[in-house]
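Chemist: Predicted structure and sequence below. I'll ask about it afterward.
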Amino acid sequence: MQNAPQSSLIGEEYEVEVGPVAHGGHCVARTDEGRVLFVRHALPGEKVVARVTEGDEDSRFLRADAVRVLEASKDRVEAPCPYAGPGKCGGCDWQHAKPGAQRRLKGEVVAEQLKRLAGLTPEEAGWDGTVMPAEGDKLPPGEVPAWRTRVQYAVDVEGRAGLRKHRSHDVQPIDRCLIAAPGVSELGIEKRDWSGMASVEAIAATGSQDRQVILNPRPGARLPIVELDKPVSVLRVAEDGGVHRVHGRPFVRERADDRTYRVGNGGFWQVHPKAADTLVRAVMQGLMPRKGDTALDLYCGVGLFAGAIADRVGDKGAVLGIESGKRAVEDARHNLQDYERVRIEQGKVDQALPRTGITEVDLIVLDPPRAGAGKQTVKHLASLGPRRIAYVACDPAALARDLAYFAENGYKPRTLRVFDLFPMTHHVECVAILEPVK
Ligand SMILES: C[S@@+](CC[C@H](N)C(=O)[O-])C[C@H]1O[C@@H](n2cnc3c(N)ncnc32)[C@H](O)[C@@H]1O
């Protein structure tokens with residue numbers, strides 16, 4: 001039997017009262033018939049006209065944009081960026097909210113995920129409910145935080161650089177991204193013709209003058225000669241996904257925790273210029289390493305936390321980092337070559353950790369990608385009996401799921417700190433410190 005034809009509701013408009021914020025940069029509302037809408041560009045408590053952007057009669061929920069605000073929240077401001085708003089750039093979710101309100105919304109999302117997925121109240125998670133800016137990130141009122149030191153520009157068929165629209169491959173051409181760091185804006189990427197490219201990533205390192213552009217050509221396209229307003233090194237993405245040097249250094253030098261880290265081939269580094277220092281401090285304050293401790297830095301990237309721990313555990317301590325990216329492993333080994341008792345293993349944590357044969361460890365820091373660590377890895381980590389675990393999370397849902405697994409394995413959060421390292425977007429960073437249940 002064939003399915004009945006589904007009737008699209010895209011373009012339908014509903015007048016709704018906007019309910020609470022939900023994970024993903026939108027708020028929840030209900031139509032008069034009880035349909036659930038996830039509404040972007042709205043704020044809790046507002047009355048808006050929501051126009052459906054995704055969904056049909058059979059959908060469990062609809063996605064929508066607030067296209068008219070009938071009753072505005074006191075937290076609403078005029079979006080400073082001309083490309084923010086319904087149907088435009090998908091990069092920022094909360095341009096229309098005051099900075100303090102953005103942080104409150106993020107806090108509500110974290111609290112909701114903890115409750116729903118880990119059964120924890122903020123108090124039980126050791127969290128005072130606040131969302132802190134990155135350390136030292138105080139801006140005069142009205143000033144837009146220009147924090148993105150890495151911007152991935154999409155390129156349209158006419159060769160114009162822009163940013164992708166929300167949940168779309170369409171490109172919103174821009175003449176400037178307001179939240180791009182000055183080191184990125186100064187390159188003038190938006191002024192150039194990028195014909196033949198699918199995307200262009202711009203990187204402005206923190207603490208060095210290194211600037212880099214990574215070209216991602218469409219199949220068969222010739223690479224352009226890159227002439228920008230500032231000198232840059234140039235890399236390219238090959239058809240197999242590998243990243244290769246075209247000219248200049250194949251890496252940038254980033255500074256954090258009074259150390260220089262080489263980050264090659266567009267590998268992972270925190271995007272906000274104050275994020276790496278903020279997170280290192282939060283992790284070290286939580287773990288409190290002692291001389292002689294043994295520690296794991298899992299999903300270690302180029303060795304940010306391994307370096308910080310190595311300094312504190314001294315010559316009698318030892319740190320093992322595990323990272324899946326080949327180039328990141330080479331960089332981590334290079335960055336930490338002065339520490340004899342630091343070792344970096346390449347591999348996926350769930351495979352490489354069992355291979356090490358380690359049965360005991362004093363401290364663990366883990367900073368997994370958005371999917372989190374998962375049940376098996378959490379079980380393995382708990383079995384090593386660490387005194388403390390620092391869990392750095394870029395997705396509160398993954399954190400909450402893993403906290404539930406930790407609880408099953410005898411670990412509970414001692415403290416949780418939440419940082420707004422991605423102003424204007426819905427993203428948020430958490431640092432949970434766990435210890436064994438007594
Ligand atoms: C969020 S980043 C953290 C990096 C580092 N802690 C930092 O702050 O610079 C996550 C890292 O995990 C690596 N990764 C992703 N999946 C992995 C896995 N299954 N096992 C090991 N590393 C993984 C990525 O390559 C990336 O470098």
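Modeler: Everything's here; your move.
Chemist: residues from this protein in reach of the ligand?
Modeler: When proximity is defined as Cβ under 6 Å from any ligand atom, the chain approaches the ligand at 268-270, 299-301, 304-305, 322-325, 328, 348-349, 367, 369. C-beta: built from backbone N, CA, C; applies to glycine.
Chemist: Which among those residues count as buried?
Modeler: Neighbour counting by 16 or more other Cβ atoms under 10 Å classes 268-270, 299-301, 304-305, 322-325, 328, 349, 367 among the residues of the chain next to the ligand as buried.
Chemist: Okay, and which of the residues you listed map to helices?
Modeler: Mapping these onto helices (DSSP state H) picks out 304, 305, 328, 349.
Chemist: Is it correct that the second one is in contact with residue 367?
Modeler: In this case it means residue 305. Yes - using Cβ atoms under 8 Å, residue 305 is in contact with residue 367, at 6.9 Å.
Chemist: residues shared between the contacts of those two?
Modeler: 297, 392 (Cβ atoms under 8 Å, 6 or more residues apart in numbering).
Chemist: Just want the residue of the protein that's nearest the ligand.
Modeler: residue 301 (2.7 Å; Cβ to the nearest ligand atom).
Chemist: contacting residues for that residue?
Modeler: Per Cβ under 8 Å, 6+ apart, neighbours of residue 301: 267, 268, 269, 323, 325, 328, 332, 367.
Chemist: can we see that at 6 Å?
Modeler: The neighbours of residue 301, taking Cβ atoms under 6 Å, 6 or more residues apart in numbering as the test, are 268, 328.
Chemist: Next, give phi and psi for it.
Modeler: phi 60, psi -130 (degrees, to the nearest 10).
Chemist: strand partners of the strand or helix carrying residue 14, parallel vs antiparallel please.
Modeler: Using DSSP states H and E, residue 14 sits within strand 13-22. Sheet pairing of strand 13-22 (DSSP bridges) gives strand 26-30 (antiparallel), strand 47-54 (antiparallel).
Chemist: Could you check the helix or strand that comes right after the shortest one and say which residues are buried?
Modeler: Using DSSP H and E, the helix or strand that follows strand 26-30 towards the C-terminus is strand 36-40. Neighbour-count burial for strand 36-40, with 16+ other Cβ under 10 Å as criterion, is recorded at 37, 38, 39, 40.
Chemist: could I get the residues you listed as JSON lines with pLDDT?
Modeler: Output for the buried residues of strand 36-40, formatted as JSON lines (pLDDT from 0 to 100):
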{"residue": "37", "pLDDT": "98"}
{"residue": "38", "pLDDT": "98"}
{"residue": "39", "pLDDT": "98"}
{"residue": "40", "pLDDT": "98"}
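Chemist: ok, so of those residues, who is nearest residue 73?
Modeler: residue 39 (12.7 Å; Cβ to Cβ).
Chemist: what sits against that closest one?
Modeler: Counted by Cβ under 6 Å, 6+ apart, residue 39 has contacts 26, 27, 29, 50, 64, 66.
Chemist: By neighbour count, which of the residues you listed wins?
Modeler: Within the contacts of residue 39, most neighbours by other Cβ atoms under 10 Å means residue 64, with 30 neighbours.
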